[in-house]
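> predicted model follows, preceded by the sequence.
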Amino acid sequence: MNYNEQRIKQETLKKEFCELLQSTHREGVDYVIEDLETLGFFDAPASTKFHLNHDGGLCEHSLNVCKVGLMLREEMMKLSPASEAFLKKDSVIIATLLHDVCKAEIYKKVMKRQKNEYGIWEDVSGFDVDYSSFPMGHGEKSVIRLLLSGLELTDEEMLAIRWHMSAWDLAFQSPEQKNNLNMARDLYPLCALLQSADGLASSIIERKKQNGD
């Protein structure tokens, strides 16, 4: 994909992201979009070397998680119609689209040395991580950023975003924090839905091709 094609794709994804977020009619979403623009969210990668490690990857990942989350919600409602009451569509959209806003400002473009297909070292563009601008953690940083932007969040949305990393969160090593995560999942099924959607999107939809694939 050349530069122009990549830019067109990024703008298309950004438009889809903004329209989905605005469809919730939640107080503060326009302020969130403005702040995400300033932080570089729509140009950031989703990771340094794993899933969607390219310009615009973070927005693409967020949309993938949202689409999986909405699909899971529909299927859960078929299996358990009562789940509609505690898996509200606007909450699913808010939590899935915005779970990773903490990553918007941490990736910095760098040049790295890498062997090409012929085994020759060459300079390639890549990303490093720099947490110095706001070292507040991961899920908790996303929640704080959103609140600072003026977004109205429910308790279940805050807890789902805070704990979306599940056992991959370093805080999970603390027995107290593990109890907090387990309690959040028990109280709010949105936590389990976001964790599932995030894992499915990154591990299946965004899976890099392996040898033999």
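Perfect, thanks for sending it.
> every contact and neighbour count from this point should use C-alpha atoms.
OK.
> so residue 161: helix, strand or coil?
helix (DSSP: H, G, I helix; E, B strand; the rest coil).
> how about the contacts made by it?
By Cα atoms under 8 Å, 6 or more residues apart in numbering, the residues touching residue 161 are 95-96, 98-99, 139-140, 142-143, 191, 194.
> need those in a markdown table (columns: neighbour count, distance to residue 125 and secondary structure).
Converted to a markdown table, those look like this (neighbours: other Cα atoms under 10 Å; distance: Cα to Cα, whole Å; DSSP: H, G, I helix; E, B strand; the rest coil):
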| residue | neighbour count | distance to residue 125 | secondary structure |
| --- | --- | --- | --- |
| 95 | 28 | 31 | helix |
| 96 | 30 | 29 | helix |
| 98 | 26 | 27 | helix |
| 99 | 31 | 27 | coil |
| 139 | 24 | 28 | helix |
| 140 | 17 | 30 | helix |
| 142 | 22 | 27 | helix |
| 143 | 25 | 31 | helix |
| 191 | 28 | 36 | helix |
| 194 | 30 | 32 | helix |
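> got these as JSON lines, with pLDDT columns?
JSON lines is the format used below for the contacts of residue 161 (pLDDT from 0 to 100):
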{"residue": "95", "pLDDT": "98"}
{"residue": "96", "pLDDT": "98"}
{"residue": "98", "pLDDT": "98"}
{"residue": "99", "pLDDT": "98"}
{"residue": "139", "pLDDT": "93"}
{"residue": "140", "pLDDT": "94"}
{"residue": "142", "pLDDT": "97"}
{"residue": "143", "pLDDT": "98"}
{"residue": "191", "pLDDT": "95"}
{"residue": "194", "pLDDT": "97"}
